[in-house]
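Undergrad: no sequence on this one, just coordinates:
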């Protein structure tokens, strides 16, 4: 009963981490083969943001153990790890942050990789090392999408939705916005997700679930509406977009043209 209540209270990400921990206790800790969580499984244990990612359990195993059998939800990758490529999180063997970013980005689409990279750079991913890996891995499958995503990635997006919105704005050919632009009001400083200060125009992504936002939903909504009123009184025009808008390019373009006067 307690276990069921605990499970029901977990977020989707929390459930995935709990599933990985259970697998680790059952298999990895007792294994003599040196299994290490990797790829998207390691990303979840590092609490990196993922979008549209698989839910397989990914592990790296030594070459000599590669012929062993695994459950259908386990993807075993034969390989070797340098000492600096391996660490522990909550007692579980996991690839390091940068190795995890690299492994994930090489198997992801451009947008999946961009979501991961934006968040990874925000929490300490080493861009210089990743750029060097892009050069070293020229010709390797997945490196083209990885290189493109890394070139556009940055640490300022505060959610997966903001990352995809930023990509959509660029893809539609609009001027590059200022990210997290700060505006002062008599109640203090406020920030826009995306702003064009010269046009006093801004875009806010709703339903964002920011990486660090743990306030109750009702409180967040109240604060957002009060904040928006103060900003519109200063002449700002604000466009709010949601997840569904990111997959309606024509509709989003029309709304952005209206906002920016194009």
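TA: All right, it came through fine. Computed from a prediction, not measured in an experiment: that's the story for all the values here. Numbers count the residues shown, from 1 in each chain.

Undergrad: Surely residue 202 and residue 194 touch.
TA: Yes: taking contacts as Cβ atoms under 8 Å, residue 202 lies within contact range of residue 194: 6.3 Å. From N, CA and C alone the C-beta is placed, and that goes for glycine too.

Undergrad: what residues are shared contacts of the two?
TA: residue 181 (Cβ atoms under 8 Å, 6 or more residues apart in numbering).

Undergrad: Residue 162 versus residue 252, what's the distance?
TA: For residue 252, the distance to residue 162 equals 14 Å [Cβ to Cβ, to the nearest Å].

Undergrad: ditto for residue 243
TA: 11 Å.

Undergrad: more neighbours, those two?
TA: Shown here are residue 243 and residue 162; by other Cβ atoms under 10 Å, residue 162 has more neighbours (23 against 14).

Undergrad: Which element, helix or strand, includes the more buried one?
TA: Element membership of residue 162, judged by DSSP states H and E, is helix 160-171.

Undergrad: Summarise which helices and strands that helix is packed against.
TA: When contacts are defined as 3 or more Cβ pairs under 8 Å, 6 or more residues apart in numbering; DSSP states H and E, helix 160-171 packs onto helix 110-122, strand 188-196, strand 201-205, helix 249-260.

Undergrad: Sketch out the low-pLDDT regions of this protein for me.
TA: The model of the chain has pLDDT under 70 over residues 1-10, 28-33, 64-69, 207-220, 262.

Undergrad: Need the residues that contact the one helix or strand residue 40 maps to.
TA: Taking DSSP H and E as the criterion, residue 40 maps to helix 39-45. Contact partners of helix 39-45, identified using Cβ under 8 Å, 6+ apart, comprise 13, 16-17, 20, 36-37, 50, 53-54, 56-59, 75, 77, 89-90, 92, 94-95, 99-101, 103-104, 107, 116.

Undergrad: Filter those residues down to just the buried residues.
TA: 16-17, 20, 36-37, 50, 53, 57-59, 75, 89, 92, 94-95, 99-101, 103-104, 107, 116 (16 or more other Cβ atoms under 10 Å).

Undergrad: Now, these that are in strands?
TA: 36, 37, 57, 58, 59, 75, 89, 92, 94, 95 (DSSP state E).

Undergrad: Contact partners for the first one?
TA: For residue 36, the residues meeting the contact criterion (Cβ under 8 Å, 6+ apart) are 28, 42, 59, 60, 61, 81, 86, 93, 94, 95.

Undergrad: Let me know whether residue 147 touches residue 134 as I believe.
TA: Yes: with contact defined as Cβ under 8 Å, residue 147 counts as touching residue 134 (4.6 Å).

Undergrad: picking that back up, now do the buried residues in the helix holding residue 162.
TA: 160, 161, 162, 163, 164, 165, 166, 167, 168, 169.
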